[in-house]
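[1] need a structure here:
(2 chains)
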Amino acid sequence: MERPLISVSGLSKYYLENMPVLKDVNFNIESGEFVAIMGHSGSGKSTLMNILGCLDTATDGHYYLEGRDTAALNSDELALLRNRLIGFVFQGFNLLPRSSILDNIGLPLLYAGKSKAERREKASIMLERVGLAQFGDRRPNQLSGGQQQRVAIARALVTDPKLILADEPTGNLDTQTGEDIMKIFQTLNEDQNITIILVTHEPDIAAHAKRLIRVVDGKIATDQPS
Amino acid sequence: MIIGALLGEGWEAMRANRMRTLLTMLGMVFGVGAVIMMLAIGQGAQLMVNESIASMGSNLFIVLSGSTSSGGLRQGSGTVPTLTLADAQAISELPEIAAVAPSFPNNAQLIYASNNWSTQVSGTTPAFLEVREWPVISGEAFSDNDVRSATRVLLMGQTVVRNLFGDENPVGKTVRVKNSPFLVLGILASKGQSLDGRDQDDTVFVPITTAQRQLFGNQFPGMVRFIMVKAKSAEVMERAERSMNELLKVRHRIRPGQEDDFSVRNLTAVAQAAAGTTKAMSTMLGAIASVSLLVGGIGIMNIMLVSVTERTREIGIRMAIGARKRDILLQFLFEAVMISLAGSFIGVVVGIACAYFFSRFNDALVVVTLSSVLLAFGVAVAVGVFFGFYPARKAADLKPIEALRFQ
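    The predicted structure follows:
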């Protein structure tokens, strides 16, 4: 059997002693899966997400990404993983307010060492793919929330990652726009076989995923197909 | 390639915060401007001193007749007629000596047509021109024959030419000195100011015998006021001074323990002391000005620290999408260096402009040299790197998740 894309075993995270945020979490995620992680606020789902995204490190246990133990990697190697393997989509979009839309989308390529021409070309293709080709020279605050989230998705996709981590991607959007964004994720998963992990507390949104992991008080309560 | 891109990011950040960038630059502008201007003033003063030294002639001694006491009453130096043409002749025969010029100066009124002018009339020998390194630019110098036969000829300094002749060419004309007619043989090159500010061109030279016998009279035949001596090289100056002292002691029959009736002064050493003083002054001015560069650097550090805090979230986003520590460090470092570079560039322009105005309104010589510009520039960039490093390091050391969560 193929090695899982993500393998988590005995994972724990403490911010204070005796106050675990995550406690002994175990699961595997195969390449091409569409997983929703659900839980109430404070359940530890966001912390789990940050660890999966190599933005944070676990206190105990192991997290293997493509078979590599992330605890053994230094900050530069983690930055490289984030750059090449992972695309992030955040609740608050997290676009750079002073940069143009195209520059925002091309930014991960800058850190991958690509030339300006290459960055612009690839960014334009991505922008067209999310249907905003005419907005390339605008600033983020000149776009609506839904449009900004599409730009964020374009930025996440620009380095052709295997994994997209979306942290409450529809949290700041109205229902209809949220649905549109979820459709984009579904298409990416089905057509391009990109693995998607989605953190949400809304059941309607979680319903788009094929697998549902519920986190309660830092532990996995259920893990089943949805 | 990524370096260029990071430079671009730094540039974008500068542009996005124009006002803040400009205010930060101000510190560097004043710092660099002050350094440039202070160095210009200092180097100008040095140049003026050096020019005076060069105009004086090099490896130069002056031998003055010394003080003597008669019946307990001590006379000032130069008051006793102890130096003679024969002394000058004896000194010129010493091996270390290149040229010797005895001098017998006095003041006299010169008249040409309807113009008259009072100036210093110095009796001397042709060797004087060599000792003072003073070329004749028009006409010719008087010769040893003129000295021997005490002819009435003279060499004229530029100031005297201007006052007596205006635009007319004086060579071959006759002027009256103390009512005796003198033929103008030649005109001397301009020497400008001496170290003590005297106009060296306000003078005429006549054969020393003419001055002694015909113009000023002399109760002691052959007496001269002072003797200018040029040594063969800077290396033999010390030896020459010793030899002259010994020679004159013997010639003047000075017994051991008795006070000399002459004194030998090393003019070049005096001039070098003056040069040393101005050099110290300009170094000090530069040092004081560099303090403002330091203050400018601290200004950059302050602003960059604020900027890092303000842009914590941006740093988090950049880290999330793959920026390494080094990328963040360089971006902020470049920003600091670019601010200090741009500030120093403006500072150089401002400094040169201020130096120019200073020279216009103060009648002082200022010199902006390439090396002082490069120095100010180099120090400014070093200051930018030094004070930019700490904030940049702070930014690079942020943890991605903490930076991202920063509100």
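[2] okay, CA-based contacts and neighbour counts for the rest of this
    Will do.
[3] check contacts around residue B:143.
    Residues counted as contacts of residue B:143 (Cα atoms under 8 Å, 6 or more residues apart in numbering or on different chains) are B:125-126.
[4] 7 Å - rerun?
    Shown in contact with residue B:143 (Cα atoms under 7 Å, 6 or more residues apart in numbering or on different chains): residue B:126.
[5] can you tell me how far it is from residue B:151?
    Per Cα to Cα, to the nearest Å, residue B:143 is found 10 Å from residue B:151.
[6] report pLDDT for residue B:75.
    pLDDT for residue B:75: 60.
[7] so where is the chain shaky, pLDDT-wise?
    All of this refers to chain A. Scanning chain A for pLDDT under 70 picks out the ranges A:1-2.
[8] I was thinking of chain B, sorry if that wasn't clear
    Under the criterion pLDDT under 70, the flagged ranges of chain B are B:1, B:66-81, B:195, B:218-219.
[9] the residue in it that chain A sits nearest to - nearest residue in space that isn't next to it in sequence?
    When you check chain B against chain A by Cα to the nearest Cα, the closest residue turns out to be residue B:322, at 4.0 Å. Nearest residue to residue B:322, sequence neighbours excluded (Cα to Cα, 6 or more residues apart in numbering or on different chains): residue A:83, at 4.0 Å.
[10] residues contacting that neighbour?
    The contact partners of residue A:83, by Cα under 7 Å, 6+ apart, come to A:108, B:321-322.
[11] need the next SSE after the one helix or strand it maps to, C-terminal direction.
    Under the criterion of DSSP states H and E, residue A:83 resides in helix A:75-85. Sequence order places strand A:86-89 as the next helix or strand after helix A:75-85, per DSSP H and E.
[12] now which of the contacts of residue A:83 would you call buried?
    Buried members of the contacts of residue A:83, counted by 16 or more other Cα atoms under 10 Å in any protein chain shown: A:108, B:321-322.
[13] now do the host helix or strand of residue B:273: which elements does it pack against?
    Assessed by DSSP H and E, residue B:273 sits inside helix B:267-310. Applying 3 or more Cα pairs under 7 Å, 6 or more residues apart in numbering or on different chains; DSSP states H and E, one finds that helix B:267-310 contacts helix B:18-56, strand B:60-65, helix B:370-396.
[14] after that helix comes which helix or strand?
    helix B:312-320.
[15] related to what we said a few turns ago, report the contact partners of the residue of chain B closest to chain A.
    A:79-80, A:82-83, A:108, A:111.
[16] try 8 Å
    A:79-84, A:108, A:111-112.
[17] and what of residue A:65?
    Residue A:65 touches A:5-7, counting by Cα under 8 Å, 6+ apart.
[18] what's the answer for residue A:91, then?
    Applying Cα under 8 Å, 6+ apart to residue A:91 gives the contacts A:166-172.
[19] which of those residues fall within strands?
    Under the assignment DSSP state E, the contacts of residue A:91 contribute A:166-167 to strands.
[20] ok and whichever strand in chain B runs longest relative to strand B:60-65, angle-wise?
    Criterion DSSP E: the longest strand present in chain B is strand B:97-112. With axes from the mean of the first three to the mean of the last three Cα atoms, to 10 degrees applied, the angle from strand B:97-112 to strand B:60-65 works out at 70 degrees.
[21] centre of the chain to the next helix or strand after strand B:97-112, how far?
    Once the chain leaves strand B:97-112, the next helix or strand it forms, by DSSP H and E, is strand B:115-124. From the chain centre to the centre of strand B:115-124 is a distance of 29 Å (Cα atoms, centre = their mean, to the nearest Å).
[22] so what does the helix or strand that comes right after strand B:115-124 touch, helix or strand wise?
    Remark: after strand B:115-124, the chain's next helix or strand is helix B:127-131, criterion DSSP H and E. Counting contacts by 3 or more Cα pairs under 8 Å, 6 or more residues apart in numbering or on different chains; DSSP states H and E, helix B:127-131 packs against strand B:97-112, strand B:226-231.
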